[in-house]
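Visitor: give me the fold of what follows.
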Amino acid sequence: MRHAHVRSSRRFFRLGPVLVTGFLVTVLAGVFAVSVKAFRARTPEPQAISIASTAPIATPTSITPSIPESARQDREAALVDVRSSVRVGVARRGQEDGKPYVELVMSPLAIDRESQAYEAWLLRQVPYEFFSLGEMVTNDLGEFVVRWEGGKDGTVDDYTRVVVTLEKKDGNPDPGEQVIKGTFGAD
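Guide: Numbers count the residues shown, from 1 in each chain. Modelled structure (predicted):
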């Protein structure tokens with residue numbers, strides 16, 4: 001009989017630290033959950049924004065980036081392959097019948113046309129914005145070309161950079177790997 005009593009007390013001593021640890025973990029998890037709920041329940045006080053308070057930010061200074069006038073007026077940009085630094089084409093922009101246009105003509109490295117495509121993008125640095133000019137196609141000379149036309153009385157003069165990406169034909173609308181770049185006003 002004495003051995004049975006010793007065994008049960010040993011089990012209790014082995015179980016004791018496990019039960020205490022489990023209890024402490026449960027209490028700490030509860031405190032954590034209550035703290036997170038209290039933190040998320042707090043709402044910050046709305047701050048009134050006045051035009052006067054944003055004036056120092058919105059007013060151009062000597063260090064505020066701006067688009068050089070030469071870049072705005074330039075009508076042609078050399079297109080350079082970023083992998084080899086070789087000039088592969090030209091981008092042109094202008095106005096035709098009151099509408100802005102951008103056209104690219106280039107002869108880059110050949111690609112697998114079944115699974116890849118070149119797509120052209122026009123970028124504005126200040127404020128930052130970009131849009132697709134479209135997927136490039138080949139002309140009778142085997143050059144990759146694209147022409148984009150905007151709406152009446154529009155302009156693309158603030159868009160000073162051209163990027164051509166190599167796109168996988170996987171339905172993803174985001175820009176792929178940048179392989180060719182050009183900058184209006186860089187010459």
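Visitor: from here on, contacts and neighbour counts on C-alpha atoms
Guide: Noted.
Visitor: so who does residue 148 touch?
Guide: Residue 148 sits next to 101, 102, 103, 133, 134 when contact means C-alpha atoms under 8 Å, 6 or more residues apart in numbering.
Visitor: try 10 Å
Guide: For residue 148, the contact set (C-alpha atoms under 10 Å, 6 or more residues apart in numbering) comprises 93, 100, 101, 102, 103, 104, 120, 132, 133, 134.
Visitor: which residues sit in contact with the third one?
Guide: This means residue 101. Counted by C-alpha under 10 Å, 6+ apart, residue 101 has contacts 92-95, 133, 147-151, 154-156.
Visitor: make it 7 Å
Guide: 93, 94, 95, 148, 149, 150 (C-alpha atoms under 7 Å, 6 or more residues apart in numbering).
Visitor: the closest residue to the last one other than its chain neighbours bridge partners, please.
Guide: Put plainly, it is residue 150. Among residues not flanking residue 150 along the chain, residue 100 sits closest, at 5.2 Å (C-alpha to C-alpha, 6 or more residues apart in numbering). Under DSSP bridges, the beta-bridge partners of residue 100 are residue 95.
Visitor: residue 100: neighbouring residues, count only.
Guide: 19 (other C-alpha atoms under 10 Å).
Visitor: equivalent analysis for the one 5 residues further on, please.
Guide: When neighbours are counted by other C-alpha under 10 Å, residue 105 registers 20.
Visitor: also the one 5 residues further on?
Guide: Using other C-alpha under 10 Å, residue 110 has 8 neighbouring residues.
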